[in-house]
Each structure stands twice: as structure tokens, then as C-alpha cells.
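1. this is the structure alone, sequence omitted:
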């Protein structure tokens, strides 16, 4: 290693690529393979050429000017030949327009808690689409997608272009879980389920460490000057069409240790890496002319550069340059411009970058922002206001004309009320007098108003369409429904283009990326756990879920009007499908109305979060009670009770008839016993016994009192 610990250089960074450095294959679907030496040369050459090209392009795009106009710093200047400070009032026209347009665009995109729709293809069930909606919504919330996107929209509106980087990470952490030391007692009740009894022992918990592995997407805004796109990129809002993209970032010891967990990276051993950071031999590379130019102006405020190590006392936090070269299938990573730590294919569905413009430029990937569009108007209004204040300053500090040779004070004297100042000459007014003051031209005020109005109308930040206020006094546009509709239509029309550019360039591509990565990288158990946070009903066919084919739609801009119409038509649909005649006709033709799906439509439109508690499964007792209240069941029970009563009455009547015949026979036999002989009496008794047995064998026999 020598006297100092430094990274091992793969090869000379500027060595040309040789034929032996490239391996090609007969099958065209197999991409060629490059050696590390060739990769280092390609990455560094592309990086240098892209930095040089973008450094030249930032002047017509006016990224520095947009930043200065947004913050509008004050400078100090004085009148010639004096120490009197000239007027230098800051004007925030660009900042005002950005902070009017950016929230309006963000509000249009994220107008609903769930700002997208997932529609299933014919081969996918609605339950799977609804599960995908819940899963994607939960993942977007966990990565703070709305906050990061809103931050990027502000940069897009001001500078004209925003670039996001995405990815996928698997992280294993140790979490603390709380477990009861003793389970609560269960007491059986005479009626109903057992009752849980909590005791002092059951209320004690113990902390256990659980290893949890999470798979999550990455979504972060990149600063201009950190991402270098192929200079031939000419497709606005479609950065995926660029041949290659280089992302410059800075990593420390802990970041490299985390990359060691990825088998695609070849990180030096822990001992070597630690020695490199502890030693001063390896210095941070910082030769990015674009980033340096964007942060060179000290009159505007920004955080310290990521390559600035003056604020890190910990040597392991020393930043080191990392260059990531991405194509559609290949990722090449160079550390400190001399060491290749990754060279191979990546498993992502394309280049992990998304971009959007505020205004597009013909035949260019980058766009124009408010700082470029309305910057001149702010300079006009700021210059006029300061010039007017300079003129008004003469009224506060006027000039005096003094006759040559007059006996007047030659130095400044403080004025005092009622004071007397001696001068020579018969007429004091001829010895000293005020110089006539310049007047503010009336056209200056009109020019200021024209500059403000021109800037607002150019960027779309005029009051009627964005800021939510009505036009000036005298306008009656807001006094009728038609006029109010025109204001709303103007707002939607002005913002629709930048909204659609962000949706088509960033939002929808990221949703598709997320959908593909979940299917290929996230285990079913983790999917089930995430869905459990949104819904308690996990009776989902995961085979259909994983094989699902869906389309993504957003509710931004004019699409929001379609959702409003859907919400307005929902009561009409409920009334139509609640018509018993229609339901009966559908049943006669073999169709039915899914009441559960109607309920889901209502809940989807209303965005109520308690849907899991609103519609639940009935308990067995409730199902029995519901079945008992069924009209058909009640009628059947009444008919059965009526038949039982009729049968009982018939049995009682037959019993009475039999008892009457027995009584009559007994009386007749009683009279006969007076004259019967013992032999006849025995025969009669036997005959009576036989009759009783016959009667008992009949189906109408029953004990005394009926059945």
C-alpha cells in the first residue's frame, strides 16, 4: 500500500478501450461483457464529457439566475461620491409565482388520499386490484412519496426540470416487541363467551428483540448538477430514452459497509476500507464544474456541499465520490474515479430515473421554469421600484444650492426647531436654496404593474386561475355560475400541462416500477403483513394477486372532474340497482347485483378509513336470528304449528270417542254381571283385555290429557 492507505486503482482512467477488453457473443440477446479497465475508461470519459456539456448548457437554462431570483439577495451600493446607500429592495415575484403554482400542481396530483386508481384487466379480479391499491398506498406512505414529490415539483417549477432516482433496498433491523409475561385468565360465563379477566401479573410485559427484514422502494429527488444524462437526450419527460445516465454522489465508510451486503458490489475488505478512511492519503474527489458553479454564489443560501468534509470530525464520515453509470440493463460503479466496485447487469426494470419539465423545449430533454420565464419581469419591477425609491430619497435628503462666495456653513450642521442660521447678503433666499426635486414619472407605476401582470400571465400564476382570488374591482365574472365555471376551467387549463408532464414522466412510471418490484422482490408473508395494516380481511387469492394484470390511472388535473362525476352519479346507481323490478328481471335472466361491490364503490369514493369496521361477517348467533326472521321461515313455522295443533285436536277427539265406547261397554257389562255365571264373567274379562290391547296398538292412543 505504500506510505499511505489509498484505494487500489483499477487501471489508468484515460486508457483507451482495447479489443481484448470486450467479449461479444453470437446470440444477440446476450449483451457484451467489458473488463473493469474498459468500464473505468468508459465511465470517466462519459462523465467528463457530460459535465463539460451540461456546464455550457446551464447558461441558457439560467439555473443560477433562477436560484438568485428566487431568493432575491440584497446587495449594498452607494451614490457616487457619497456614503449614502442606494435603494436595493428585494422583489420576490419569482418566489411568489413558484409558491402559487407548485402547491396548485401538488394539490391537483394529490387531491385525494389515494391519488391513483388501479383498474384490473379482464383476467384479474377486482379484489386483487383493491389489494394492490392498499399495498401501493401503504408503501407510498412509508417512503413519504408525497413530501418528496412536492419538493421536486417546487424545483421543477422554478428551474424547469426535476430528476428523481428510484431503487429497491432490503434492510434487516432489530425491533423491540412487547409480550405479556402471563396471559390473562379466562372465566366461563353461564351465557355467552368466556370473559377475560386482567390481573396485575397479566399487565406486566417484557421486551424481546425481533429481527425484521423489510423490502422497500427508494424515491429521492436529485439536485441539478448531480445527474448527468447522455447529451444526446432529446425526449422531454422521458429520461428512460437516454442511452445512459451517470449519477454522482458521495458515500462514507458506513454507506460502503451497507453496500457490502449487496453481492453485486466488490467492496474492499473491512480492514483495508477502515485504513483508507483513517488515513489522509485518499482525498475526496470534487471536480464537478456544474455543482461548483451552482453553489459558488455565497449571496444565496444552500446547505454545505456533500463533498465538503470540514464539518465531519469522525474520519469514517469522510465523503468519497461515487459515480454510477446506468443503462437499460447494465450498472457500472466507480469509486474515487479509479476503482471499479460494480460491473454487471442490474435486475431493475429499466434505468432507475424519472424526469419532468415545467415547460418543454423543442429538441431538448431539459425544460424552462418560472425563473427563466418570469425572471426578466422581476428584474424590471425591482429596478423600477428601486429607482423610484432613489427619487423619493431626494425629498428626505434634498440638495441645496449655495451662492458662490456666500457666508454659509461649509460643513454639515444639525438642524434644530426654531434655530437661526446666519448668512451674508440682503436676501438670504438668494444665498442658499433647495434644488428642485425630480418627480416620479407616472408611467413608472404602470410599468411596474405591467411587469407583474406579464410575469403572472406568462407562468400561469395570475390571480383568477391559481391564487384563488377574483379579478380586480369592476369584474362580475364571479357573480354567476357560468363565470365561476370559467375561472375553474381557466385554472385547470393552465395547470393541466405541467401536471400531465409530472404524471406521465414521474408518477405513473414510478407506480409501474413499484408494481413490478413488489412482484419480483417482496415475499408473500411481507405483503400479507402490509395489507394487514390497511384491511382486516385477508381472504385473498394470492395466485390471482401475483398474476394480476392491471393499469394505473391518476386523478390529477382534468381526470379529477371525471372522479367528481363518478361521485355524483353514485346515488343514481344505488337507486337504479336497488329497484326490485330490475333485480327480479336480472334474476330471471341469470344475473344478480353484487351488493358487496356496491358498498365497496361507495367506500372507495368516500375514502372512509373504517371500512373494515363497517362491513363485517355475522356471528353464528346473528345468522340464526337472521334466519329466524326470514318471512319464509316464519310462515313455515306458523304452518307447522297449525298442523301440530290440528293433529293434537284430532288425537284428543279420538281419545274421547274411545273413552266413551269403553265407558258404554263397561256399563253394559256391569249390568250383565248380575246374571252372568263365573265362566261368562271370565270370558267377558278376557274380551275386555283384548279390546284394551287393540286400542293401545292404534296410532291415536295417548296417555290421559292428550299428546
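-> Looks like it came in fine. The structure presented is a predicted model; accordingly, all values stated were derived computationally and were not measured.
2. rest of the way, CA atoms for contacts and neighbours
-> Will do.
3. pretty sure residue 15 sits in a helix.
-> No: going by DSSP: H, G, I helix; E, B strand; the rest coil, the assignment for residue 15 is coil, not a helix.
4. where's it relative to residue 41, distance?
-> 6 Å (CA to CA, to the nearest Å).
5. tell me which of the two has more neighbours.
-> Counted by other CA atoms under 10 Å, residue 15 and residue 41 do not tie: residue 41 has more neighbours, with 21 against 13.
6. could you say what helices and strands the helix or strand hosting the more buried one packs with?
-> Using DSSP states H and E, residue 41 sits in helix 36-61. Applying 3 or more CA pairs under 8 Å, 6 or more residues apart in numbering; DSSP states H and E, one finds that helix 36-61 contacts strand 227-229, helix 289-295, strand 330-335, strand 339-345.
7. now the shortest one, how far from the centre of its chain.
-> Okay, so that is strand 227-229. 25 Å (CA atoms, centre = their mean, to the nearest Å).
8. report all helices and strands that the next helix or strand after that strand contacts.
-> Using DSSP H and E, the helix or strand that directly follows strand 227-229 along the chain is strand 245-251. Under the contact criterion of 3+ CA pairs under 8 Å, 6+ apart, strand 245-251 touches strand 227-229, strand 320-326.
9. any chance of the ones you listed in TSV, with mean pLDDT too?
-> Below are the helices and strands packed on strand 245-251 laid out as TSV (pLDDT from 0 to 100):
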stretch	mean pLDDT
strand 227-229	95
strand 320-326	94
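10. in CSV, list those strands along with mean neighbour count and distance to residue 82.
-> Listed next are these as CSV, based on neighbours: other CA atoms under 10 Å; distance: least, CA to CA, whole Å:
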stretch, mean neighbour count, distance to residue 82
strand 227-229, 23, 48
strand 320-326, 22, 50
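11. nearest to residue 683 among these would be which one?
-> strand 320-326 (119.9 Å; CA to CA).
12. parallel or antiparallel, list what pairs with that closest one.
-> strand 245-251 (antiparallel), strand 330-335 (antiparallel) (DSSP bridges).
13. and the ones you listed, which is most packed in?
-> Ranked by mean neighbour count, these are led by strand 330-335 with a mean of 22 (mean count of other CA atoms under 10 Å).
14. what is the distance between that one and the centre of its chain?
-> 30 Å.
15. what lines up beside the longest strand seen in the chain in the sheet?
-> Determined from DSSP state E, the single longest strand within the chain is strand 161-180. Applying DSSP bridges to the sheet, strand 161-180 is found paired with strand 205-222 (antiparallel), strand 353-357 (antiparallel).
16. ok, of those strands, where does mean pLDDT dip lowest?
-> Note on the strands paired with strand 161-180: lowest mean pLDDT is at strand 205-222, with a mean of 92.
17. separation between residue 169 and residue 521?
-> In terms of CA to CA, residue 169 sits 10 Å off from residue 521.
18. kindly apply the preceding question to residue 315 instead.
-> 35 Å.
19. who has more neighbours, these two?
-> residue 315 (16 against 13).
20. that one contacts residue 274, correct?
-> No: using CA atoms under 8 Å, residue 315 is not in contact with residue 274; the gap is 9.3 Å.
21. quick one on the thing from earlier: what touches both of residue 169 and residue 521?
-> Shared contacts of residue 169 and residue 521 (CA atoms under 8 Å, 6 or more residues apart in numbering): residue 215.
22. so which of the helices and strands packed on strand 245-251 comes closest to residue 297?
-> Relative to residue 297, the nearest member of the helices and strands packed on strand 245-251 by CA to CA is strand 227-229, separated by 20.5 Å.
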